[in-house]
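Participant: for reference, the sequence and a predicted model appear below.
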Amino acid sequence: MVLPSIFETGPSLANNNFIVGPLVITMAVVAIWEVNRSVRRVNTLLGAWQLLAAFIFPAPAQWLTLLQALAGLLIVLLSFIKGRTKSNYGGGWRFLFTG
C-alpha cells in the first residue's frame, strides 16, 4: 500500500496496491484467531494475484516490477505458515453443509 505513495507508479498498479493491500492485512488479522485460521488461504490467492499483477500492470522502472513481484511472493509464502490450533471448533463450514 505504501509503494505508490513513495515511488511514482502507474495509476493501475497504484489502484491495485490500494485494493489488495488492505485485503491482505484484513485477512491476516482475521486469521490470527484460531477459529478463522483457514482464512489465511485467501492471502495465498491475493499474493498470487499481486505476483501476477506485477507483470500485467506497467511500472515505470524494472525494479518496481520486481519489488511488486517480491511482495506478492512473500505474501504467498507467508500464507503457508499454518499456526498452532489448540481446539476443534465444531467443523466449520464443512460441518454445516454435510447432512
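Facilitator: Yep, it's here. Numbers count the residues shown, from 1 in each chain.

Participant: residues of the longest helix that the chain contains that come out buried?
Facilitator: What stands out as the longest helix in the chain, according to DSSP state H, is helix 11-30. Judged by neighbour count (16 or more other CB atoms under 10 Å), helix 11-30 contains these buried residues: 13-14, 16-17, 20-21, 24, 27-28. C-beta: built from backbone N, CA, C; applies to glycine.

Participant: nearest to residue 64, of those?
Facilitator: Looking at those and their distance to residue 64, the nearest is residue 13, at 7.8 Å (CB to CB).

Participant: list the contacts of residue 34.
Facilitator: Shown here is residue 34, whose contacts under the criterion CB atoms under 8 Å, 6 or more residues apart in numbering are 83, 85-87, 89.

Participant: tell me which of the residues you listed has the lowest pLDDT.
Facilitator: pLDDT across the contacts of residue 34 is lowest for residue 89, at 64.

Participant: residue 67 contacts residue 2, doesn't it?
Facilitator: No - if you go by CB atoms under 8 Å, residue 67 and residue 2 don't touch, sitting 11.1 Å apart.
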